[in-house]
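sequence? don't have it. structure:
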């Protein structure tokens, strides 16, 4: 019997991973799509679109771009073929930012469908749209900003801090998933 060599983990262990580093331009593209979907949801008074927003955040938090239509479009089409740009950014702060987005979008969904407070849901969604716009159009990731403070205050485990620091020092060489 032939012995097969594996180049690394596969299957579910790779499905539920978040890339590190990530392409900053792909992340900003996803933020642009989140902004657009949030604004369309509010403008069209279509709270059912919150389900798509929540799904996207769940998919990105758990698997990076692998199960997210927005993530796949950003990493496979927009950043590499339309923008043709790559800039490495640390994965852990971007994952944290996606988790914050999940919190906002889930809160909006719960307000709209759990409590019938569509106006309050749209207010929460408007805040999410504002932060997504800052990321997409200005390049300011509020979640990453908060993550930096959580690292400084020791809330984020040291191992994660080391991964972020490795990227800023140029020691990480990896490909975008």
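Thanks, I have the structure now. Just so it is clear, the structure is predicted and the values come from calculations on it, not from any experiment.

Give me the neighbour count for residue 147.
Using other Cβ atoms under 10 Å, residue 147 has 25 neighbouring residues. Every C-beta, even on glycine, is put in place using the N, C-alpha and C of the backbone.

Wasn't it part of a strand?
No: when DSSP: H, G, I helix; E, B strand; the rest coil is applied, residue 147 is found to be helix, with no strand at that position.

Verify the stated contact: it with residue 98.
No: Residue 147 sits out of contact with residue 98 when judged by Cβ atoms under 8 Å, with a separation of 11.1 Å.

what touches both of these two?
Between them, residue 147 and residue 98 share no neighbouring residue, with contact defined by Cβ atoms under 8 Å, 6 or more residues apart in numbering.

Start from the N-terminal end of the chain and give the helices.
Taking DSSP state H as the criterion, the chain carries its helices at 12-15, 24-43, 49-63, 69-73, 91-109, 118-133, 142-152, 158-168.

tell me, how many neighbours does residue 80 end up with?
16.

which one is it nearest to, not counting chain neighbours?
The spatially closest residue to residue 80, leaving aside those adjacent along the chain, is residue 86, at 7.5 Å (Cβ to Cβ, 6 or more residues apart in numbering).

center of the protein, which residue is that?
Centroid-nearest residue in the chain: residue 98, 3.7 Å away (criterion: Cα atoms, centre = their mean).
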